[in-house]
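Engineer: Fold the following for me, if possible:
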Amino acid sequence: LDLRDGVLASVKLFGDAFKQLGFVLAGKKKLPKGATSGFMISMGIDALPIVCMLSALLGATLAFQGIVLLKRFGAGIFVADMTGLAMVREFAPMMTAIVLTGRNGAAIAAELGTMRVRGELDALDAMGISSSRFLLLPRLLALTFVQPALSLIGIFVGIVGAGIVARLSIDLPANIFWARVVGRVDLMD
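Structural biologist: Got it, this is the predicted structure:
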C-alpha cells in the first residue's frame, strides 16, 4: 500500500510539473526570474570538476587496461576505438548521471524536505502559487540542460585521458589517436 501511495504521489507531482510546463510554454504563467539559470550554474558548473576528474581517470584506466590486453596481439592502436566508443556510449553519460543524482538529487531532496517541514510549500499553495512551477520545474529544466552538457564534457575529457595514456604507454601520437576515435565514433553513438 505504501508503494502504491508513493507511486501515485510521484505521478501526481510529475503530472502537475508537466502541466505547469505547458502553461509556461503557452505563455500563461511564468517561471521565477533567473531560477533556472541559477540552478544550471549551481548544478552544472559546481559539478564540472568532479565530472572531469572522474572521466579523465576512467578514460585513463580504460585505456591502460585495453593497452595491456591489446598489446599482446599487436593491436594496441585499437585502444582509441575502444575508449572512444566506451566513453561515448556508456561510461561518461553513466558517470555524469551518478554524479548528478548523488550530488544534486540529495541536495534537492533535502531542500524541498526542509521546505515541507517548515510549511513553506503550504504557504506557497495558500498564496495561489504552484509549488511545482515555483520550486520543481526550474530544477527539472536545469537538470534537463545540464546532464547532456556535462556528458559531452565528460566524453571529451575521458578521451583525452585515454589519449595521454596511449601516448605514454605505446607512443601513439595524439593526431592518430584522435583520427581513430573520430573515424570510429559516429553520430548514432
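
Engineer: What helices and strands are in contact with the helix or strand harbouring Arg180?
Structural biologist: Applying DSSP states H and E as the criterion places Arg180 in helix 174-184. Here helix 174-184 touches helix 79-86, helix 137-170, going by 3 or more Cβ pairs under 8 Å, 6 or more residues apart in numbering; DSSP states H and E. Quick note: C-beta positions are derived from backbone N, CA and C, even for glycine.

Engineer: Return the most buried member of these.
Structural biologist: helix 79-86 (a mean of 23; mean count of other Cβ atoms under 10 Å).

Engineer: The very next helix or strand once past that one vs helix 137-170, what angle?
Structural biologist: Going down the chain from helix 79-86, the next helix or strand is helix 92-99, by DSSP H and E. For helix 92-99 against helix 137-170, the angle by axes from the mean of the first three to the mean of the last three Cα atoms, to 10 degrees is 130 degrees.

Engineer: going on from helix 92-99, what's the next piece of helix or strand?
Structural biologist: Next along the chain after helix 92-99, taking DSSP H and E as the criterion, comes helix 106-118.

Engineer: residues in contact with that following helix?
Structural biologist: Here helix 106-118 makes contact (Cβ atoms under 8 Å, 6 or more residues apart in numbering) with 121, 135-136, 139.

Engineer: and which of the residues you listed is nearest Thr96?
Structural biologist: The closest of the contacts of helix 106-118 to Thr96 turns out to be Arg139 (Cβ to Cβ; 16.8 Å).

Engineer: what about Ala35, distance to Gly15?
Structural biologist: From Ala35 across to Gly15, the span is 21 Å (Cβ to Cβ, to the nearest Å).

Engineer: Many thanks, have a good one.
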